[in-house]
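Student: build me a model:
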Amino acid sequence: MKNKLHLLLHFLAAILLFWICSSSVVAAPLVSIGDNTDIFFNGSSSLRWSSNLFRDDNNEESDSSWIVSPGFEINVGRGISNADLTVVTRYDVVSYKHNDHLDTELFHIKALGSYEASRLKLNGSASFDEMKMNDGQNNVQNDLVELNTIAGNLGAEYRVSPKFSFGAGVRYNETEYQTYKDRLADRETTSFPLNIFYELTPKLDLILGYTYSTTDIEGTSSRFPSIVESTLFPGTLILADTQIDQSGYERDSHFYNVGLRGNILTKLTGYFKIGYRTRSFEDSTRLVQYFVPNDPLVELQPPANSSTNRDDTGMLGLDANLTWMATTKLFVQLALSRDFGAGGEGESTEITRANLVGNYSFNTHWSAMANLGYTETDYPDDGRDEEQLTGGLRFNYVLNTYWRFSAGYTYTDNDSSRASSSYDNNSLDLTAVLRY
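Tutor: Below you'll find the model as predicted:
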């Protein structure tokens with residue numbers, strides 16, 4: 001019955017795509033409201049294959065999936081010179097060929113807005129995403145982790161004088177796990193960036209910045225069967241339930257930085273910030289208890305209560321996003337960051353990222369994109385470290401104003417010092433996108 005329902009949804013989505021495509025020669029967008037609002041249908045369909053669906057190095061399992069994603073895009077601001085608002089929503093219907101118990105439906109929505117006056121610039125965004133995935137930090141065996149993310153960003157910049165501008169804002173990120181909540185820790189981070197911009201040249205600004213961030217990481221409580229030694233009968237091993245309660249904690253961090261933005265070189269634009277990051281923690285506790293159901297005569301090891309006392313630390317901080325226009329057809333983007341974070345189980349982390357993307361346009365219809373990414377994650381709480389290398393190639397074809405097609409390959413290699421956390425994965429996808 002479930003398979004028939006998914007087939008019906010795919011069939012109806014295909015009919016909708018065909019109908020819109022057939023009528024798209026008449027008019028675009030799908031609906032216009034008044035003089036300033038347009039509504040577009042923005043849907044896609046993808047066929048994907050993964051060589052290691054569960055990100056498991058010991059028992060790799062390949063599978064393919066079909067994703068149908070109907071969605072809509074609302075643009076407000078046509079005819080308004082200084083304001084713009086875009087809302088994009090998508091609903092993914094995901095069906096797996098062999099692991100149909102993983103079939104799911106995921107909702108996504110994102111809003112982007114901007115406002116510009118003579119001296120004031122405002123930019124904002126907000127998003128909500130449902131996900132079902134595994135990676136190095138959120139990894140379980142023979143299943144995928146379900147989680148929701150909420151993100152928001154509001155920034156303002158005010159020009160005080162011809163040379164000086166002042167910027168301030170707030171950023172918010174929240175991760176809430178829907179499955180495996182006993183071992184994976186929800187968290188939320190709020191950041192408050194402050195920047196002073198000084199005009200060195202008409203196209204280049206000096207940046208003096210400071211960002212304060214606070215992160216609240218919730219506790220976890222897990223219970224699982226284990227073999228432990230009885231204290232009443234030394235040397236006797238018994239089957240018991242082990243319960244581990246890890247309390248939550250808060251983390252505060254500060255980023256003092258200096259940098260540049262604008263036309264840094266003739267063909268190099270963007271921004272970079274370099275400085276020093278510091279962080280301080282609350283202590284947290286870890287309580288381990290053992291239980292033997294229906295056997296009160298057996299005495300176990302006493303509960304173990306320990307405290308995690310994290311020292312205040314500091315490190316080099318980095319935040320950069322640069323674009324090099326090599327030719328009229330080729331441009332390269334480089335993103336760099338070095339920041340504090342939190343692992344899937346609530347561990348404190350230090351994360352260094354670098355991502356290089358190259359785009360080449362053959363003509364008005366064909367283009368290609370290659371990417372190479374590196375992420376290093378250190379876990380000071382338990383001495384663990386993890387390195388992830390990703391690389392990919394994608395070809396894009398624009399048929400007309402309404403239809404776009406792409407095909408891509410991605411390779412991921414995750415090397416972790418933690419047992420059963422290393423893996424590699426190859427993935428392929430074919431995607432068709434319709435915007436009308």
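
Student: and S421, how far from Y271?
Tutor: Look at S421 and Y271: by Cβ to Cβ, to the nearest Å, they are 34 Å apart. Heads up, the C-betas are built off the backbone N, CA and C, glycines and all.

Student: cool, and E199?
Tutor: With Cβ to Cβ as the criterion, E199 and Y271 are 14 Å apart.

Student: now do N414
Tutor: With Cβ to Cβ as the criterion, N414 and Y271 are 30 Å apart.

Student: these two: which is more packed in?
Tutor: Using other Cβ atoms under 10 Å as the criterion, N414 and Y271 rank with N414 on top: 23 against 15.

Student: chain center to the helix or strand where the more buried one lies, what's the gap?
Tutor: Element membership for N414 (DSSP states H and E) is strand 403-416. Taking Cα atoms, centre = their mean, to the nearest Å, one finds strand 403-416 lying 15 Å from the centre of the chain it belongs to.

Student: next one: stretch 353-362
Tutor: 19 Å.

Student: what does stretch 137-154 give?
Tutor: Here the centre of stretch 137-154 is set off from its chain's centre by 8 Å, with Cα atoms, centre = their mean.

Student: for it, the averaged confidence score.
Tutor: For stretch 137-154, the mean per-residue pLDDT is 90.

Student: once you drop chain neighbours, what's closest to H98?
Tutor: Spatial nearest neighbour of H98, excluding adjacent residues (Cβ to Cβ, 6 or more residues apart in numbering): D63 at 5.0 Å.

Student: isn't the one you found right next to S50, touching?
Tutor: Yes - at 6.3 Å, D63 and S50 qualify as touching, with contact defined as Cβ atoms under 8 Å.

Student: out of those two, which sits in the busier spot?
Tutor: S50 (21 against 17).

Student: skipping adjacent residues, who's closest to the more buried one in space?
Tutor: S427 (4.8 Å).

Student: in CSV, list the C-alpha atoms belonging to the one helix or strand the one you found maps to.
Tutor: S427 is part of strand 423-435, with elements assigned from DSSP H and E. Extracted C-alpha coordinates of strand 423-435, given in CSV (Å, rounded to 0.1, in the frame of the first residue of the first chain):
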residue,chain,number,x,y,z
TYR,A,423,33.9,5.7,5.7
ASP,A,424,34.1,6.6,2.0
ASN,A,425,31.2,7.1,-0.3
ASN,A,426,30.6,7.6,-4.1
SER,A,427,27.4,9.2,-5.3
LEU,A,428,25.8,10.0,-8.7
ASP,A,429,22.7,12.0,-9.5
LEU,A,430,20.6,13.1,-12.4
THR,A,431,18.4,16.1,-11.8
ALA,A,432,15.8,18.0,-13.8
VAL,A,433,14.6,21.4,-12.6
LEU,A,434,11.5,23.3,-13.8
ARG,A,435,10.8,27.0,-12.9
